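1. Need the 3D shape of this:
(chains A and B)
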Amino acid sequence: DTGVSQDPRHKITKRGQNVTFRCDPISEHNRLYWYRQTLGQGPEFLTYFQNEAQLEKSRLLSDRFSAERPKGSFSTLEIQRTEQGDSAMYLCASSPVSGLNNSPLHFGNGTRLTVT
Amino acid sequence: DAKTTQPPSMDCAEGRAANLPCNHSTISGNEYVYWYRQIHSQGPQYIIHGLKNNETNEMASLIITEDRKSSTLILPHATLRDTAVYYCIVRVAGGNQFYFGTGTSLTVIP
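-> Residues are numbered from 1 along each chain as shown, chains lettered A, B, ... in the order given. Model prediction:
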């Protein structure tokens, strides 16, 4: 079990630049989630995929944010025209779809974004 | 999904049991209780979850009251590596999101 993998672990960028993060979920997990976490707060839901379909997006996901999961495996989260307020830890999680659908989410260790 | 209430911080002596409470008074019949913990600079780690019955695994025990309005996570022999923020979450079966609050910051004291 290689777990959920996120790349890069850290990213420093200047305001106005675009950044892209990658998430590789646990293999055979149908669902993939993106969360954002700021200092002192719990993770906040951004969006999730079931296979390649993006089924739900939070109001936190402004139009500068876009997420894809083109083949139902890995996912990317892109932030365009970054702002200082985008500085946060971006977490990816995955889960299988079980019969009872109560499977827990398994999280990666996140990508820490700093916008200067 | 129901909201949970947790104390912001707790201390526990190393080797003693750590009992972390959670109130979820508005929980509905099909909502599960999940516990996660997060060590600094890492992603949340799944610990345990349950619906009605008490649950135990290699990490912890989960005690859910009969009316399901509260639960307690028990770490039977706390070690320094258990120092972390612990999150209690309720989610409806098949629900798409986990709502994290601010959790309980547990400090295990030598």
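2. near chain B, which residues of chain A?
-> For chain A, the residues in contact with chain B (Cβ under 8 Å from any Cβ of the partner chain) are A:4, A:33, A:40-45, A:48, A:55-56, A:91, A:93, A:100-102, A:104-110, A:112. To be clear about C-beta, it is placed using only N, CA and C from the backbone, and glycine gets the same treatment.
3. 7 Å - rerun?
-> Within chain A, the positions near chain B by Cβ under 7 Å from any Cβ of the partner chain are A:41-43, A:45, A:48, A:55-56, A:91, A:100-102, A:104-110.
4. Apply the buried test to the residues you listed and list what passes.
-> A:42-43, A:45, A:48, A:91, A:101-102, A:104-110 (16 or more other Cβ atoms under 10 Å in any protein chain shown).
5. hey, what's the residue nearest the centre of chain A bridged with?
-> In chain A, the centroid-proximal residue (Cα atoms, centre = their mean) is A:Trp34; its distance is 2.9 Å. Counting by DSSP bridges, A:Trp34 is bridged to A:Thr47, A:Cys92.
6. so who does A:Gln84 touch?
-> Residues in contact with A:Gln84, defined by Cβ atoms under 7 Å, 6 or more residues apart in numbering or on different chains, are A:Arg15, A:Val115.
7. Kindly report the same for A:Tyr35.
-> A:Pro43, A:Glu44, A:Phe45, A:Leu46, A:Leu91, A:Ala93.
8. Find me the pLDDT at it, would you?
-> Turning to A:Tyr35, the model gives it a pLDDT of 95.
9. I'd like to know how far it sits from A:Ser58.
-> Going from A:Tyr35 to A:Ser58 by Cβ to Cβ, to the nearest Å gives 9 Å.
10. Next, show the common contact partners of these two.
-> Common neighbours of A:Tyr35 and A:Ser58 (Cβ under 7 Å, 6+ apart) are A:Phe45, A:Leu46.
11. Helices - which of the buried ones among the residues of chain A next to chain B land there?
-> If you go by DSSP state H, these have nothing in helices.
12. Turn the residues you listed into CSV, including distance to A:Ser75 and pLDDT.
-> Output for those, formatted as CSV (distance: Cβ to Cβ, whole Å; pLDDT from 0 to 100):
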residue, distance to A:Ser75, pLDDT
A:Gly42, 21, 92
A:Pro43, 16, 93
A:Phe45, 15, 91
A:Tyr48, 10, 91
A:Leu91, 12, 97
A:Asn101, 20, 64
A:Asn102, 23, 80
A:Pro104, 19, 90
A:Leu105, 14, 92
A:His106, 14, 94
A:Phe107, 14, 96
A:Gly108, 11, 97
A:Asn109, 16, 96
A:Gly110, 14, 97
